[in-house]
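S.K.: mind folding the following:
(2 chains)
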Amino acid sequence: MSHTLTGTGTLVRLILRRDRIRLPIWVLAIIGVVYSSATVVPETYSTPEQIQAYQDTMGTSPAAIAMSGPPVALDTLGGILVYETAVTALVAVALMAVFLVVRHTRGEEEEGRTEVLRSTVLGRHAPLAAALLVVSAACLVVGLAVAAAVGSAGVSMSGSLLYGVAVGVFGVTFACIAATAAQLMTHARGAIGLSASVLAGAYLVRAVGDVRENWLVWLSPMGWSQQVRAFDDDRWWPLVISVVFAAVAVAASVVLANRRDLGAGIVPSRPGPPEAAASLNGPVGLALRLQRGSVIGWVIGMFVGGAATGSFSREIQTMVESNDTLAEYIAAAGDGTLVEMYLSTMMLILSLIAAGFAVSSALRMRSEETSGRLEPVLATGVSRTRWLLGGLLVTLAGTVVVMAAGGLGLGLAHGLVSDDGGAVVWVLGDSLVYLPAVLGLAALAVLLFGWLPRLAAVAWAALAVCFLVGYLGGLLRFPDWFENLSPFTHTPAVPVDDVTVAPLMAIGIGVVLATGVGLLGFRRRDIGV
Amino acid sequence: MMASMSIAISVSDVTKTFGKTVALDGLDLEVATGEVHGFLGPNGAGKSTTIRVLLGLLRADSGEARLLGGDPWRDAAALHRRLAYVPGDVNLWPNLTGGEVIDLLSRLRGGLDKTRREDLLERFDLDPTKKARSYSKGNRQKVALVAALASDVELLLLDEPTSGLDPLMEAVFQDCIREVKAEGRTVLLSSHILAEAEALSDRVSIIRNGRVVQSGTLSELRHLTRTSVVAETEEHADRLASIPGVANVSALDGKVSFDVDTDNLDDAMSYLASLRIRALTSHPPTLEELFLRQYGDELDLEHMARGPEEARR
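M.R.: Model (predicted):
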């Protein structure tokens, strides 16, 4: 072993010690998602007719292919499982690899801890090597567990193993890409952003290649992992491309690391404006500036998500007619045409996701306080009321825009596949009916922030309850009192139900009251507790 | 000017507890308009808590605090337009540049002097185009200092503003404070760097365990303590130790060094004169000596480890 790797073993133990909670959570979360699919899919597609219907609809829809990958072996349960889980598993394992590698390389360097370590007997490349070893091992564990989870559905073991290894190798590839990014960028944030862009690019290139069935898939690391055609040809050789690519990325990061100083990046960090824009002049301007990036990200994500689900509204008709299990799930939404019930379910899910934005946006106030950044702001001429309401204005506007983006995507895609131009307007309008309930969760965050600031994050638990009730309530049948906790339970399930003003008014009044009471508490309490 | 206006800050018998920790225990503090007031004490003595009460960020449990003639809790926003604050631990928005933060904080306060901003950026050698996440502690502190000093305000509340600055920047800071003082503005300067407080302060208050234990001008405080003397006399000064107020006598190479209470200085000098003085140096107590004397009995650091602010974090 070369002297530039001295101490790698010790660092591996340090990483394992520091991430003894984080690492298992990542691994278990990814496996959990795949495993739950592996238990649901065999129940949903239990007859040859149901499998045939799946292949005829999902396997031929360009939208589904763009989203999920090549329709391989969809006449088998294994093929359906891969089609249903591959994108989630691949994206999740890649994100895990990127976050962990950057955290233990550039992140440590940025915090100044690498400097302390490097002053001891430690080779120059040891931190990089240790991070790659641990994260690659974690990726392969995820891969093997995915194989076991899929295999537990009673499908071919060799196919399951190939699929699992393809997932693991994809994670390793992105660990190596993140290692290169960590050399290029000066800050952890930049390294994560660069790696995530590569992931998004890999996804898009593959999507276009899969829909057009052409060579583009071979330009994408995601394509290599999906071209193994598990449960069909079971070919292992595309993974060789991934391994070679990963090796090149590691070599590149070693070369880059040799050419730079500790703490420096290859790409210099860009200078920003020396003076603030005129809009950065008050609590609203500040909140807008801080949340701009996140709002744009959410808007794009919600629009794409809405469009993706909306583009299935025609297939859903065919699929549900041939599948009782799905019909039962959709029917939980109430009486209406199948398409209406589908759209209503999708609006509910989109609004639950939008509530994630609302809660995180409202809780920014708490992170501003705990990070010590609120103190200098309140030491200026800004009153507590003005600061809180300024931030909430951005939360309110952001939530409306995020929800509207989801509704617009859903309506546009549905309108396109069903040749109904007017759908854009009414789907968008209907999706806004869910806004009061979405804002209810933000209002709860404000209430907690005002009176029990240390418990402000409990708002996330409330969102989890709403998710349980809204997403699984149809299948699990919770007691009424539990379902009534969620404001989404009281929201009319448009377009299946008619819009009724009374419950929306009631939720709206609750939102205003909770916000007002939260503001009162915030005005009375100590800052920085 | 009315009498009440000549007092910028008055705190009387203020108590503040966090759970079981007593952060302020009947604190009294008075800062006159136009003076630079040194606020001295080790970490955890209650300096930052006092300033946060003065800013209306914390609400006192009991006692009364007045700031610029107003109630710091009730009139917070209105009073804050007339003051600027530099926190001890400056945290900035990582994706904003230093220049943006300076402009933002100044605008929230009600505007800044553009020429003064440029001048200060130059004097503090600060690059305003860098993102805050890439600033060192010292540079973050400079951002807060430039924002505070570039505003046209009556009162500056500075909480250990130079703990991250190098000696060159410390000198720039001291120049700036002297200019601020010359303009008739008031400064409350919390510090544990005694040389800094000694160089700048008109009056100082020493805080200990949430109480101000000593307050006054430097000469008043010196009067309360001892002067150090080194003398060389023709005859042996063997009766020196028996003079009241004399302590720490030690003789070396025909020289004698000792400390003497300011009230007994005359007695000691008369005695030395009777022995025929050949050489004599004396220096008044430094602030450091005042401080050590105040804290000398507990240099076991025990209370520092359990200071109220530390316990809160």
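
S.K.: helix, strand or coil for the residue of chain B most remote from its centre?
M.R.: Distance from the centre of chain B peaks at B:E235, with 43.8 Å (C-alpha atoms, centre = their mean). For B:E235, the assignment made with DSSP: H, G, I helix; E, B strand; the rest coil gives coil.

S.K.: pretty sure it is touching B:L272, no?
M.R.: No - shown here, B:E235 and B:L272 do not form a contact pair, counting by C-beta atoms under 8 Å, at 10.0 Å. C-beta: built from backbone N, CA, C; applies to glycine.

S.K.: what touches both of these two?
M.R.: Between them, B:E235 and B:L272 share no contacting residue under C-beta atoms under 8 Å, 6 or more residues apart in numbering or on different chains.

S.K.: read off the pLDDT value for residue 232.
M.R.: All of this refers to chain A. At A:D232, the model reports a pLDDT of 92.

S.K.: not what I meant, chain B
M.R.: Predicted confidence (pLDDT) for B:E232: 90.

S.K.: Three-state assignment for it, please.
M.R.: strand.

S.K.: so what's it bridging to?
M.R.: In this entry, B:E232 is beta-bridged to B:K255, B:A279, by DSSP bridges.

S.K.: now do stretch B:265-280: distance to the chain's middle.
M.R.: 36 Å (C-alpha atoms, centre = their mean, to the nearest Å).

S.K.: correction: stretch A:517-529
M.R.: That offset, for stretch A:517-529, works out to 32 Å (C-alpha atoms, centre = their mean).

S.K.: just the closest residue of the stretch 1-150 of chain A to chain B, please.
M.R.: Closest residue of the stretch 1-150 of chain A to chain B, C-beta to the nearest C-beta: A:E110 (8.2 Å).

S.K.: and that residue, how many neighbours?
M.R.: 22 (other C-beta atoms under 10 Å in any protein chain shown).

S.K.: A:A188 is in contact with that one, correct?
M.R.: Yes - assessed by C-beta under 8 Å, A:E110 is found in contact with A:A188 at 5.5 Å.

S.K.: if we can go back for a sec, ok, now how distant is the residue lying closest to the residue farthest from the centre of chain B once chain neighbours are set aside from A:A182?
M.R.: Nearest non-adjacent residue to B:E235, counting by C-beta to C-beta, 6 or more residues apart in numbering or on different chains: B:L275, 4.4 Å away. Taking C-beta to C-beta, to the nearest Å as the measure, B:L275 falls 75 Å from A:A182.

S.K.: between those two, who's got more neighbours?
M.R.: A:A182 (33 against 18).

S.K.: what's stretch B:157-164 in contact with?
M.R.: A:379, B:47-48, B:51, B:54-55, B:83-88, B:136-138, B:140-141, B:144-145, B:148, B:169-170, B:173, B:187-193, B:196.

S.K.: average pLDDT for that stretch?
M.R.: pLDDT averaged over stretch B:157-164 gives 91.

S.K.: how far does it sit from the chain's center?
M.R.: With C-alpha atoms, centre = their mean, you get 9 Å for stretch B:157-164.

S.K.: end to end on that stretch, go ahead and measure it.
M.R.: Start-to-end span of stretch B:157-164 (C-alpha to C-alpha, to the nearest Å) is 17 Å.

S.K.: phi first, then psi, for the nearest residue to B:A241 once chain neighbours are set aside.
M.R.: Ranked by C-beta to C-beta, 6+ apart and with sequence neighbours excluded, the top spatial neighbour of B:A241 is B:V249, at 4.7 Å. Backbone torsions for B:V249, taken as degrees, to the nearest 10, come to phi -80, psi 130.

S.K.: just the one 3 residues further on next, same as before
M.R.: Main-chain torsions, B:L252, degrees, to the nearest 10: phi -150, psi 130.

S.K.: which secondary structure elements does whichever strand or helix holds A:T345 contact?
M.R.: Taking DSSP states H and E as the definition, one finds A:T345 inside helix A:338-370. Contact here means 3 or more C-beta pairs under 8 Å, 6 or more residues apart in numbering or on different chains; DSSP states H and E; on that basis helix A:338-370 packs against helix A:283-310, helix A:313-321, helix A:324-331, helix A:374-378, helix A:384-417, helix A:423-431, helix A:435-451, helix A:458-467.

S.K.: hmm, try it at 7 Å
M.R.: Secondary-structure packing of helix A:338-370 (3 or more C-beta pairs under 7 Å, 6 or more residues apart in numbering or on different chains; DSSP states H and E): helix A:283-310, helix A:313-321, helix A:324-331, helix A:384-417, helix A:423-431, helix A:435-451, helix A:458-467.

S.K.: so for it, what gets flagged as buried?
M.R.: A:338-366, A:368-369 (16 or more other C-beta atoms under 10 Å in any protein chain shown).

S.K.: out of the helices and strands packed on helix A:338-370, which is closest to chain B?
M.R.: That would be, of these and by C-beta to the nearest C-beta, helix A:283-310, which comes in at 6.4 Å.

S.K.: list the contacts of the residue nearest to A:V401 when sequence neighbours are not counted.
M.R.: Closest residue to A:V401 apart from its sequence neighbours, by C-beta to C-beta, 6+ apart: A:V299 at 5.9 Å. Contact analysis of A:V299 by C-beta atoms under 7 Å, 6 or more residues apart in numbering or on different chains lists A:401-402, A:405.
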